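K.L.:
Pasting a predicted model and its sequence here:
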Amino acid sequence: MTTPVGDRDELVLAAAEGTLDDAQRARLDALRADDPTVDEEIAELRATLDAVRRLDGWDEQAMDLTPSPLVLRRAQQQVATEGREPLRRGGAGAGAGTTDGRADGADAGRHGGARPGRRALLGLAAAGLVAPGAVGQDVVRRLRPGTPEGDPGTLGALEQAAVEGVAPGAEVDLGIIAHTWGTETVWLVDGAQPGEVYDVVLVDRSGGRTGSGSFLGTRDPLDCEMNAAILREDVAEVLVVAAGGQVWARAPLPPVRA
Amino acid sequence: MTSAGLAVLEDAAEGEARPLSGPDFDVARVFDEHGSLLLGLAVNALGDRHAAEDCVQETLVRAWRARDTYRPEQGSERTWVVAIARRVIIDSLRARARRPLDVRAEPPEPGPEPGVDTQVADRVTLLAGLARLSPEHREVVVEVQVRGLSYEELSRRTGVAVGTLRSRMYYALRALRALLTEEADHDDPRG
């Protein structure tokens, strides 16, 4: 006896769903005699059904969303930085980018030799973008409109950090954004020595240091964004280190809580 | 630095944001072609738009890093990118589970139990399979198997005949199973 294709599909599905009636069961028994693979297919569909039925929901509207262009831009910045520098896993900084995506052309990855200098280790890719305007409270928030504020460690949310020990005559505002891939720092700096190189360093709770790129001091206030391959929850402090090695500014960060 | 990375640098004009990927792997193209799928999957897995966009970003970066490992003969680019996204999302869920983390005051939290970890990975893999079904196939699976509608109820709601819905269910489940098998085969992309 031959079972029509559509009938076979219906029987297999009903068997997998457990909804066979007596007539269907009889037809399925007949089908089994002709097609020994039918039981295997029923078992496969049943396993798939069991998995699907354990899902707690599905948001179909999410399938119509389009990622923000910022997602692409940040990915491009990160890719650009890694393309410039030797890939370092497990500690060193992921690099830096400016708010408009420009870089200064410095290339740590091209520094030859077995022992790159401190700048190369920290990621010399510098960021410097002049952004005229006064430095003051909440300016970092205004630099990232649309970014929600959140508690320390909240993925994608802006955390305002308190900057201490800034050199006389300088002002520094700092925002922190936790990501799955690391920690982003958003800066507005006024009073850095023009042309001077400043390294951004993230310090973990055991004192380990992760470089997060560098920026050049400018005469006017500058804003920039830096990325580092360390999770926010592991960061205890953010430092800005001047070329001479002295700490130019520091921002102790609160621990991340549940 | 990889030779591909050096080539990208060599092609860059002075002072210009350099080309962001080689000729065979363009981050912007991958974003355009797969970004919505990746975001939809991540939102469903994480329930958080911002975290989901972080995952899309990380997926693009990991895909770029691993671009030399992609083999078209082993599967579509979409399959490969989704496999990377699954790993990123699973990493994100694991990181979320690790909190709170004041390591000065508290001993390190134990990692999740292997069984729990597997459940997380299985759920994300299943969501990835669902995300890749056609909208018609996904609708019948979600409405009947996840939300518990009867075929008759769904038929009344959509105007599609019950027989057609059952046929869609059969082919949707077969397609889903094939996707899950395919994704298992791509379960270890270097990302």
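P.N.:
All right, it came through fine.

K.L.:
got the residues of the stretch 151-258 of chain A near chain B?
P.N.:
Among all residues of the stretch 151-258 of chain A, those adjacent to chain B (criterion: Cβ under 8 Å from any Cβ of the partner chain) are A:153, A:155-157, A:179-181, A:205, A:231, A:233-234, A:255-258. No exception for glycine: its C-beta is placed from N, CA and C like everyone else's.

K.L.:
try 7 Å this time
P.N.:
For the stretch 151-258 of chain A, the contact set with chain B under Cβ under 7 Å from any Cβ of the partner chain comprises A:153, A:155-157, A:179-181, A:205, A:231, A:233, A:255-258.

K.L.:
Quick check: PyMOL command selecting the buried ones in those residues.
P.N.:
To isolate in PyMOL the members of these that are buried, counting by 16 or more other Cβ atoms under 10 Å in any protein chain shown, one can use:
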select buried, chain A and resi 153+155+156+157+179+180+181+205+231+233+255+256
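
K.L.:
Check the offset of stretch A:45-61 from the chain's centre.
P.N.:
Mean C-alpha position of stretch A:45-61 versus that of the full chain (Cα atoms, centre = their mean, to the nearest Å) differs by 29 Å.

K.L.:
Could you identify the most distant pair in the residues of the stretch 151-258 of chain A next to chain B?
P.N.:
A:Gly156 and A:Arg205 (22.6 Å; Cβ to Cβ).

K.L.:
so what's B:Arg78 up against?
P.N.:
For B:Arg78, the contacting residues are B:His34, taking Cβ atoms under 7 Å, 6 or more residues apart in numbering or on different chains as the criterion.

K.L.:
Please name the residues that touch the closest residue to chain B within the stretch 101-250 of chain A.
P.N.:
Shortest the stretch 101-250 of chain A-to-chain B distance, computed as Cβ to the nearest Cβ: residue-wise this is A:Gly156, at 3.0 Å. A:Gly156 makes contact with A:177, B:50-51, B:53-54, according to Cβ under 7 Å, 6+ apart.

K.L.:
now it: how far from A:Gly213?
P.N.:
According to Cβ to Cβ, to the nearest Å, A:Gly156 and A:Gly213 sit 21 Å apart.

K.L.:
What of B:Leu130?
P.N.:
As defined by Cβ to Cβ, B:Leu130 lies at a distance of 39 Å from A:Gly213.

K.L.:
Mind checking which of those two has more residues around it?
P.N.:
Between B:Leu130 and A:Gly213, counted using other Cβ atoms under 10 Å in any protein chain shown, A:Gly213 has the larger neighbour count: 31 against 25.

K.L.:
Can you verify that one is assigned to a strand?
P.N.:
Yes: A:Gly213 sits within a strand when classified using DSSP: H, G, I helix; E, B strand; the rest coil.

K.L.:
Identify the residues contacting A:Asp9.
P.N.:
Counted by Cβ under 7 Å, 6+ apart, A:Asp9 has contacts B:167, B:170.

K.L.:
what about it, which helix or strand?
P.N.:
Using DSSP states H and E, A:Asp9 sits in helix A:5-17.

K.L.:
one step back: relative to B:Ile90, which of the contacts of A:Gly156 is nearest.
P.N.:
For the contacts of A:Gly156, the minimum distance to B:Ile90 (Cβ to Cβ) is 12.8 Å, reached by B:Ala51.

K.L.:
for the nearest residue to that closest one once chain neighbours are set aside, what are its contacts?
P.N.:
Setting aside the residues directly before and after it, B:Ala51 is nearest to A:Leu155 in space (Cβ to Cβ, 6 or more residues apart in numbering or on different chains), at 4.4 Å. Contacts were defined as Cβ under 7 Å, 6+ apart; by that measure A:Leu155 touches A:178-180, B:50-51, B:54.

K.L.:
Where helices are concerned, which of these count?
P.N.:
B:50-51, B:54 (DSSP state H).

K.L.:
For those residues, could you give me CSV that also reports distance to B:Gln145?
P.N.:
Rendered in CSV, the data for those read as follows (distance: Cβ to Cβ, whole Å):
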residue, distance to B:Gln145
B:His50, 30
B:Ala51, 27
B:Asp54, 30
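
K.L.:
Of those residues, which is the nearest to chain A?
P.N.:
Distances from the ones in helices among the contacts of A:Leu155 to chain A were compared by Cβ to the nearest Cβ; the smallest belongs to B:His50, at 3.0 Å.

K.L.:
Give me the spatial nearest neighbour of that closest one, chain neighbours excluded.
P.N.:
For B:His50, the closest residue by Cβ to Cβ, 6+ apart turns out to be A:Gly156, at 3.0 Å.

K.L.:
Within the helices and strands, which one has A:Leu239?
P.N.:
Secondary structure assigned from DSSP H and E places A:Leu239 in strand A:235-242.

K.L.:
Give the next helix or strand downstream of that strand.
P.N.:
Toward the C-terminus from strand A:235-242 - assigned by DSSP H and E - lies strand A:247-252.

K.L.:
mean confidence for that next one?
P.N.:
Averaging the model's pLDDT scores along strand A:247-252 yields 90.

K.L.:
Also stretch B:153-161?
P.N.:
Summarised as a single mean, pLDDT over stretch B:153-161 is 96.
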